[in-house]
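Build me a structure from this.
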Amino acid sequence: MSAAFRKALKSRQKNHRERSQPGFRKNLGVLEKKKDYKLRAEDYKKKKNTLNALRKKALEKNPDEFYFKMTSSKLQAGVHVIKQTSEEVTDEQLKIMRTQDIKYVELKRVAESKKIERLKSELHLLDAEEKPKNKHTFFCDTKKEVRNFDLASHLNTFPELVDRVYNRPTLETLHTQTVKGLENAGQLKKLAKQRQHQYSILNQRIEREKKMFVVSQKIQTRKDLLDKRHKVKVKKETVDSPAIYKFKAQRQR
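Numbering: from 1, shown residues only. Modelled structure (predicted):
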């Protein structure tokens, strides 16, 4: 067969196309094509074969047959659930674990306390109300000087600034830097806000250090309970304190 004849034969062929859904059947949805039917038929046969295989397996099952997985699973509401095996831990291993926990908590607590000390050294707790007031003693030669003693003139500052613990400038400093201080009013507010933020961080770290100390005490109490058997609970465990036990005195041999 020549190439020209094959080309002419192909041009005369008719393309058979599947029709779409007729207009009066639009309410039924898209018309199913052959490719859709093949997918639906394959899915149906697969499910049918699966059901037949399961039915055959159930009919041929031996009720006396034993599987090793039966010892590690149980039936709950018709579903097989794997049993949770409890870890076998000796008292000595448990003591070692408690000791490691205590060491880890103490390590974190010491690191937190060092951060607290560093923050305190940076802030100096200038605004703390609980901090004891500093006592500055001035000596005078005569009683007349004591009666006429003026603290503001002696410190060379304004009377309004005498009670300040920090940032108490002198008169010369105020005269030379008055304009500069007015220009940097926004910067002073920013510094005050940053200082307040540092104080809040310090307060959070102090609370965290207290909680870690309580946790280490609770772990130590549980560790002591493993060593001593005869005990009486004196106080229950709370959020802020561990339980208190009274142990029976035993003679050390």
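
CA atoms for contacts and neighbours, from now on please.
Noted.

Work out for me the element Lys115 sits within.
helix 91-123 (DSSP states H and E).

now Val232
Going by DSSP H and E, Val232 is part of strand 231-235.

helices and strands around the helix holding Lys115, which ones?
Secondary-structure packing of helix 91-123 (3 or more CA pairs under 8 Å, 6 or more residues apart in numbering; DSSP states H and E): helix 185-227.

and the helix it packs on, what other elements does it pack with?
For helix 185-227, the packing partners by 3+ CA pairs under 8 Å, 6+ apart are helix 91-123.

tilt between the helix it packs on and helix 185-227?
Per axes from the mean of the first three to the mean of the last three CA atoms, to 10 degrees, the angle that helix 91-123 makes with helix 185-227 is 160 degrees.

ok, then the element right after helix 91-123?
Moving toward the C-terminus from helix 91-123, the next helix or strand (DSSP H and E) is helix 143-147.

got the CA coordinates for that next one in PDB?
What follows is helix 143-147, C-alpha atoms only, in PDB (Å, rounded to 0.1, in the frame of the first residue of the first chain):
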ATOM      1  CA  LYS A 143      26.200  73.100 117.100                       C
ATOM      2  CA  LYS A 144      25.400  76.300 115.200                       C
ATOM      3  CA  GLU A 145      26.400  74.700 112.000                       C
ATOM      4  CA  VAL A 146      24.100  71.700 112.800                       C
ATOM      5  CA  ARG A 147      21.100  74.100 113.300                       C
END
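
So what's the gap between it and the chain middle?
Distance of helix 143-147 from the chain centroid (CA atoms, centre = their mean, to the nearest Å) equals 64 Å.

Could you point out which residue ranges in the chain have low pLDDT?
Low-confidence segments of the chain (pLDDT under 70): 1-2, 8-12, 85-89, 124-134, 160-167, 174-175, 177-188, 228-229, 252-253.

Residue nearest the middle of it, spatially speaking?
In the chain, the C-alpha nearest the mean C-alpha coordinate belongs to Arg208, at 13.6 Å (CA atoms, centre = their mean).

tell me the contacts of it?
Glu112 (CA atoms under 8 Å, 6 or more residues apart in numbering).

In the helix holding Lys115, which residues are buried?
Using 16 or more other CA atoms under 10 Å as the test for burial, helix 91-123 gives 95, 98-99, 101-102, 105-106, 109, 112-113, 116, 119.

Which neighbouring elements make contact with the strand holding Val232?
Other helices and strands packing on strand 231-235, by 3+ CA pairs under 8 Å, 6+ apart, are strand 244-247.

Pull up the pairing partners for the strand it packs on, direction included.
strand 231-235 (antiparallel) (DSSP bridges).

what about the closest residue in space to Glu237 that isn't next to it in sequence, how many neighbours?
Spatially, and ignoring its direct neighbours in sequence, Glu237 is nearest to Ala243 (4.0 Å; CA to CA, 6 or more residues apart in numbering). Using other CA atoms under 10 Å, Ala243 has 14 neighbouring residues.

Relative to Lys83, how far out is the nearest residue to Glu209 once chain neighbours are set aside?
Closest residue to Glu209 apart from its sequence neighbours, by CA to CA, 6+ apart: Arg109 at 5.7 Å. For Arg109, the distance to Lys83 equals 39 Å [CA to CA, to the nearest Å].

Check Val146 too.
88 Å.

can you check Thr173 too?
When CA to CA is applied, the distance between Thr173 and Lys83 equals 79 Å.

now Lys95
27 Å.

what does Glu209 give?
For Glu209, the distance to Lys83 (CA to CA) stands at 40 Å.

more neighbours, those two?
Using other CA under 10 Å, the more surrounded residue of Glu209 and Lys83 is Glu209, with 20 against 12.
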